[in-house]
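S.K.: sequence and predicted structure below; questions after.
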Amino acid sequence: MDNVLVKKLQGYARLCEEDQRVLNAVVRDVRTVPAHTDLAREGEKSAFVHLVLEGFACRYKFTAEGNRQIMAFLVPGDFCDLHVVVLKQMDHSIGTISPCKVVDIPHEQILALLQRPRLSLAMLCAALVDSAVLREWLVNVGQRGARQRLGHVFCELLLRLRIVGLADNGYELPLSQTDLADTIGTSSVHLNRVLQELRQENLISWKGETLAIHDIDRLMKLSGFNSNYLHIGMQGADESAL
């Protein structure tokens, strides 16, 4: 059975059976990492690229005053730090939010994957989408109201988790209100108020670690959400470049 990495990368380029076999072979020596554990710290140089197979992780930075800003969520199928293959050190930290299953992939193995044209194209596209997500989050935090910001994050996670078969009209969301507040740049008190508003409008329900979205079209409209930056499906990569 294909792993979540295969499912994700096939959304960017048509992978042959051998490409898929190579990717499935990457997923070995899986380790379980507890929640709230750093996989990579700012200023470090890692000998591995980390792949999330289960659970949620995030990119984050602390300000000089000790305030945390979450800059991206990392979900199953995501490389956490593909760029460290070429950069000398991390410019931000990556930590688990929930317990995660992670694979540590040596740089040499990543470079070998990049020797395969379609895999290289798919991995490049995945990295470019990561950059597109960051741009969208900048707009989200800088130009939208708190209710729009939160709804936008919920819509994005729904579509990203659907790609790897982990969402329908809802999904497991193992985040705290503090995590979400640090994501949309607000206080936990205000975050709670926004959640209540979305519930009262029957847009979402959140029980335990399960988020249900009751009207995705209405939530997208409210949030100003346009999925084009995720480049979902075969639109992601221009295969004429091969």
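M.R.: Noted; the coordinates are in hand. Residues are numbered from 1 along each chain as shown.

S.K.: how much space between the residue lying farthest from the centre of the chain and Gly145?
M.R.: The outermost residue of the chain, judged against the average C-alpha position, is Gln200 (27.8 Å), by C-alpha atoms, centre = their mean. From Gln200 across to Gly145, the span is 16 Å (C-beta to C-beta, to the nearest Å). Just so you know, the C-beta spots here come from the backbone N, C-alpha and C atoms, and that holds for glycine as well.

S.K.: just read off the phi/psi values of the residue nearest the centre of the chain.
M.R.: For the chain, the residue nearest the mean C-alpha position is Leu74 (3.2 Å; C-alpha atoms, centre = their mean). Note on Leu74: backbone dihedrals following degrees, to the nearest 10 are phi -110, psi 120.

S.K.: now do the buried residues in the longest helix belonging to the chain.
M.R.: When the chain is parsed with DSSP state H, its longest helix is helix 117-143. Neighbour-count burial for helix 117-143 flags 118-119, 121-126, 129-130, 133, 136-137, 140-141 (criterion: 16 or more other C-beta atoms under 10 Å).

S.K.: try stretch 50-68
M.R.: His50, Leu51, Val52, Leu53, Glu54, Gly55, Phe56, Ala57, Cys58, Arg59, Tyr60, Arg68.

S.K.: then stretch 206-225?
M.R.: For stretch 206-225, by 16+ other C-beta under 10 Å, it's Trp206, Leu211, Ile213, Ile216, Leu219, Met220, Leu222, Ser223, Gly224, Phe225.

S.K.: in helices, which of those fall?
M.R.: Taking DSSP H, the ones among the buried residues of stretch 206-225 that sit in helices are Ile216, Leu219, Met220, Leu222, Ser223.

S.K.: right, and the first one touches Cys155 too?
M.R.: It stands for Ile216. Yes: with contact defined as C-beta atoms under 8 Å, Ile216 reaches Cys155; the gap is 7.0 Å.

S.K.: next, Ile70: secondary structure please.
M.R.: State at Ile70, reduced to three classes by DSSP: H, G, I helix; E, B strand; the rest coil: strand.
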